[in-house]
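Student: following is a predicted model, sequence given first.
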Amino acid sequence: MKPSRETEKEAAREAAAYGHLGILKYLVEERKIFDEVKSDCCVYNAAGFGRLDCLKYLVEEAKAPLDNWRYIAFARHHEQPECVNYLLEKGSPEPTDEEYAEFVEDQQRDSEEENSD
């Protein structure tokens, strides 16, 4: 039985966040996860959690598009300068000061909601 696309999306997100490059490669190359998953979930999490090896794989080999300023915002917010610099070198858009401030507010609000549960 094959996993659902939603299960694959969650596995790819976790693999990128926790630095499981082999699993990430399998999901990209063998299971053919969608570009949207590669960028919106995997690039975002690899950058934010400082998984430069996964980030480089996604950008250079998997050809994940770098079309969202949130990748840099997440990496910056979680103090991952290597990932921020790499994304900038590869042409990822930077958030404006206003976008970054809003992003930080959203992150803080989400954190407070998780802690209140």
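Tutor: Perfect, thanks for sending it.
Student: the biggest helix by length in the chain packs against which elements?
Tutor: If you go by DSSP state H, the chain has its longest helix at helix 97-116. Using 3 or more Cβ pairs under 8 Å, 6 or more residues apart in numbering; DSSP states H and E as the contact test, the elements touching helix 97-116 are helix 70-77. Where C-beta positions appear, they are placed from N, C-alpha and C, glycine not excepted.
Student: now the helix or strand just after the helix it packs on and helix 70-77, what's the angle there?
Tutor: Tracing the chain past helix 70-77, the next element assigned as helix or strand by DSSP states H and E is helix 81-89. Angle of helix 81-89 versus helix 70-77, following axes from the mean of the first three to the mean of the last three Cα atoms, to 10 degrees, is 150 degrees.
Student: how much space between the residue nearest the centre of the chain and Ser92?
Tutor: By Cα atoms, centre = their mean, the chain has its centre lying nearest to Tyr44, at 1.7 Å. Computed with Cβ to Cβ, to the nearest Å, the distance linking Tyr44 and Ser92 is 11 Å.
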